[in-house]
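Chemist: pasted the sequence and its predicted model underneath.
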Amino acid sequence: MKCSKCDKEAITFIRYNGTWLCREHFMNFVEKRVKKEVRKQPFPRGVIAVALSGGKDSIVATYLMHKITEKDASREVHAITVDEGIDGYRDKTIKIAEKFCNEYGIPHHIISFKEEYGFTLDDISKVRRELAECTYCGVFRRQCINKVAESIGAKAIAMGHNLDDVAQTILMNFVRSDVERMARMAPHRKVQPGLIPRILPLRSIPEKEATLYAYLMGFEISEDECPYAVRAMRGIYRDFIMDLEKNHPGSRHSILKSFLELEDCIRSKYPPAQLKACGICGQPTSEQVCMACQLREKIMERIK
Amino acid sequence: MEIEVEMKGGKEKIRIDDGATGEDLLKKLGFSPDEVLIIMDGRPLPYTEKLEGKKVRIIRVVSGG
């Protein structure tokens, strides 16, 4: 099959819009939408940190943010990698992240749970009890990224979430009736003291397209999945949305579009909470002690 | 005809009908078209296309983070 836009051989078929695309037109198609997202979302001058796990989405996000800002003297891209301490999984992607940053000359900052909190995610897993690893990991990881971003004076943090991730999160929050959490989803337009706003440049790129882009760029794609992902609720929503998309192409876009239609109402109903410094670590929180410190206490007691 | 399919964790020979498309192979393997990339002899192939070649690599599109 020929590309719908030129005479070259197509390398992919985009189901939701019925076009076949060659390598060049596909890459263009991805880049155009990412640029559009970046324009639509807050994009402050200064340091833009990208949360780089070394997985294909965050590699693509880092690469495209680097490419978009390359000729822009007012912005500089840095990468932040969190080493949660997941034996046999994270070590591999950290190497990929390091190699990538080296190649493109992107300043790279690595922060580890072990150094920050005194234990790894593998340690947590042994004493986690009722909470899944992802609950701890999500809280600690967010805090680590915010801490490093703050220390390098970043004005925004770009995350690698793709369209599938975002559609899953929206649906998950709907099903759990957690509208308030939906109001706190990135991209954040209001800057909260101490909390660096997050942006999602790949928000409208389906996961498959992010992977194909990474493949075409020659980026290393690790097909490993986090060993703790089996306990994540997200899997149920991933399968459900995959099925929905299969029978009704365009569903993921519609889920995002519906959220965007409701966004202003939701955000005005649930304005951001007044944040103060955590009594223990000083990171921003709406409570006396932040969630990371609460969870940390729990783990420390059990590990002792 | 027979085709060599490489997936994470190994290779196997799979019998497919002459003129089978990528989609036919995905059905056989139990994947949805949005879940995987099909790489035919080193080149990405639209799942709608016929599998004309010797070696297919299936890359799963799983989210890490």
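Modeler: In hand now; what should we look at? Residues are numbered from 1 along each chain as shown, chains lettered A, B, ... in the order given.
Chemist: show me the shaky parts of the chain.
Modeler: Reading this off chain A. A:231 (pLDDT under 70).
Chemist: not quite, go with chain B.
Modeler: Applying pLDDT under 70 to chain B flags residues B:63-65.
Chemist: and the helices in it?
Modeler: B:22-29 (DSSP state H).
Chemist: the residue of chain A found nearest chain B: neighbour count?
Modeler: Using CB to the nearest CB, the single residue of chain A nearest to chain B is A:Gly55, 3.1 Å away. Using the backbone N, CA and C atoms, a C-beta is placed for each residue, glycine as well. For A:Gly55, the neighbour count with other CB atoms under 10 Å in any protein chain shown is 25.
Chemist: got the residues of the stretch 201-304 of chain A near chain B?
Modeler: Residues of the stretch 201-304 of chain A lying close to chain B (CB under 8 Å from any CB of the partner chain) are A:206-208, A:211-212, A:215-216, A:221-226, A:238, A:242-243, A:245-246.
Chemist: residues contacting A:Glu116?
Modeler: Shown in contact with A:Glu116 (CB atoms under 8 Å, 6 or more residues apart in numbering or on different chains): A:140, A:144, A:147.
Chemist: how far away is it from A:Val82?
Modeler: Per CB to CB, to the nearest Å, A:Glu116 is found 9 Å from A:Val82.
Chemist: next, show the common contact partners of these two.
Modeler: Taking CB under 8 Å, 6+ apart as the criterion, A:Glu116 and A:Val82 both touch A:Cys144.
Chemist: related to what we said a few turns ago, now the contacts of A:Glu116 as JSON lines including distance to chain B and secondary structure?
Modeler: Formatted as JSON lines, the contacts of A:Glu116 follow (distance: CB to the nearest CB, whole Å; DSSP: H, G, I helix; E, B strand; the rest coil):
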{"residue": "A:Phe140", "distance to chain B": "14", "secondary structure": "helix"}
{"residue": "A:Cys144", "distance to chain B": "14", "secondary structure": "helix"}
{"residue": "A:Lys147", "distance to chain B": "18", "secondary structure": "helix"}
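Chemist: residues near A:Pro206, how many?
Modeler: 22.
Chemist: check contacts around B:Lys50.
Modeler: Taking CB under 8 Å, 6+ apart, one finds B:19-21 in contact with B:Lys50.
Chemist: bridging across strands, which residues link to it?
Modeler: Beta bridges link B:Lys50 to B:Thr21 when assigned by DSSP bridges.
Chemist: for chain B, which segments count as strands?
Modeler: Taking DSSP state E to define them, one finds strands in chain B at B:2-7, B:10-15, B:36-40, B:43-44, B:55-60.
Chemist: those: which one's closest to chain A?
Modeler: Evaluated over these, closeness to chain A peaks at strand B:43-44, with 4.2 Å, by CB to the nearest CB.
Chemist: hmm, back to that, between the contacts of A:Glu116, which is nearest A:Asn102?
Modeler: A:Cys144 (21.6 Å; CB to CB).
Chemist: in contact with the closest one: list those residues for me.
Modeler: Applying CB under 8 Å, 6+ apart to A:Cys144 gives the contacts A:80, A:82, A:111, A:113, A:116.
Chemist: and the first one, that one's in a strand?
Modeler: Yes: counting by DSSP: H, G, I helix; E, B strand; the rest coil, A:Ile80 falls inside a strand.
Chemist: surely it and A:Ala149 touch.
Modeler: Yes: the pair A:Ile80 / A:Ala149 is scored as a contact, 6.4 Å apart, by CB atoms under 8 Å.
Chemist: which neighbours do the two share?
Modeler: A:49, A:157.
Chemist: residues contacting A:Met159?
Modeler: By CB under 8 Å, 6+ apart, the neighbours of A:Met159 are A:50-51, A:58, A:61, A:186, A:198-200.
Chemist: so of the residues you listed, which ones are in strands?
Modeler: If you go by DSSP E, the contacts of A:Met159 have A:50-51, A:198-199 in strands.
Chemist: out of those residues, which comes closest to A:Arg234?
Modeler: Taking those together and measuring to A:Arg234 by CB to CB, the closest member is A:Ala51, at 17.2 Å.
Chemist: mind listing what the closest one touches?
Modeler: A:58, A:79-82, A:145, A:157-160.
Chemist: hmm, 6 Å instead?
Modeler: A:80, A:145, A:159 (CB atoms under 6 Å, 6 or more residues apart in numbering or on different chains).
Chemist: which residue ranges of chain A form strands?
Modeler: A:12-14, A:19-21, A:46-51, A:75-83, A:108-112, A:154-158, A:198-199, A:276-277, A:284-285.
Chemist: spell out which parts of chain B neighbour chain A.
Modeler: Contact residues (CB under 6 Å from any CB of the partner chain) of chain B with chain A: B:8, B:32, B:34, B:37, B:44, B:46, B:48, B:60-62, B:64-65.
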